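[1] Attaching a predicted model along with its sequence, questions to come.
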Amino acid sequence: RTNWHDNVGKEVDLVMNTAGVIDLTPFSKLIVQGPQAAAFLDYVAANNVPREGRIVISHMLTPNGQVMAELTITKTGPDTFLIITGSGVELHDLRWLQEQARLGDWDVSFVNVTEDLGVLSVAGPRAKDVMKALQPDFPDKFPFFAAKKPRGNETVHMANKVVGNTTSGGYSYYLGKPLAFMYLPPLLTTPGTTVQVELMNELYNAKVLPGPPMETALARNKKKSTEKQKRAVKI
């Protein structure tokens, strides 16, 4: 036994009896897209292709009925699918899909996004409790084998509605107050408009600024140049 045997056993026990977050980022991730993407996957996979926003687990079969691979297929758009497969068979499965598309002259394309996307799994008998703490209406609006696009980062609220999301934020020592960059509808970008940013399940007021909170290098240099010109005129 290795020196990490007992620690892994504790992790397994916690996940099997309560809940845990498992990093599955090494899984292979492929995008299949194109006008014939759905028909192509319906051809190579044994299970039915899911409708948009849903997920299925299926096997890819060889022409004689043998199992080539097991896939998780998510339909993310009208002609776009996200395929998740094993971490050790990334190129094996991609090449098989590419070869079948070539042989059948299918109008599809493939993008390997394995290194672009992360995968976190919340698993265990209390996994739903964990998700409910983050999203009270889970799983009513997020049923089993469903897929949704995350808004990303902290949401921005106004009048009890989500109106945008932040991209980054933190405390500004230069200004002595916290700042956040966010996406908002044009109607809410008027300087002085008050919105609320959700942090740790709490809403905090934030005001839209009239411009950059600090001068850029270009603005500072221009300001210095103007001041020099003023001093020269006074002399």
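    All right, it came through fine.
[2] my read: Thr25 touches Glu115, true?
    No: counting by Cβ atoms under 8 Å, Thr25 does not reach Glu115; the two are 9.2 Å apart. Yep, even glycine has a C-beta here, placed from its N, CA and C like the rest.
[3] These two - which one has more neighbours?
    The neighbour comparison of Thr25 against Glu115 (other Cβ atoms under 10 Å) goes to Thr25, with 13 against 9.
[4] Give the helix, strand or coil label for the more buried one.
    coil (DSSP: H, G, I helix; E, B strand; the rest coil).
[5] Offset the numbering so it begins at 55, please.
    Yep, numbering from 55; the last one is Thr79 now.
[6] Please name the nearest non-neighbouring residue to it.
    Nearest residue to Thr79, sequence neighbours excluded (Cβ to Cβ, 6 or more residues apart in numbering): Gly172, at 4.5 Å.
[7] Now do that neighbour against Ile138, distance only.
    12 Å (Cβ to Cβ, to the nearest Å).
[8] Comparing these two, which residue is more hemmed in?
    Ile138 (20 against 11).
[9] Looks like the more buried one contacts Ile85 (just checking).
    No: using Cβ under 8 Å, Ile138 is not in contact with Ile85, being 10.7 Å away.
[10] Doesn't Phe164 lie inside a helix?
    No: per three-state DSSP, Phe164 lies outside any helix segment and is strand.
[11] Determine which residue lies closest to the centroid of the protein.
    With distances taken as Cα atoms, centre = their mean, the residue of the chain nearest its centroid is Pro204 (5.6 Å).
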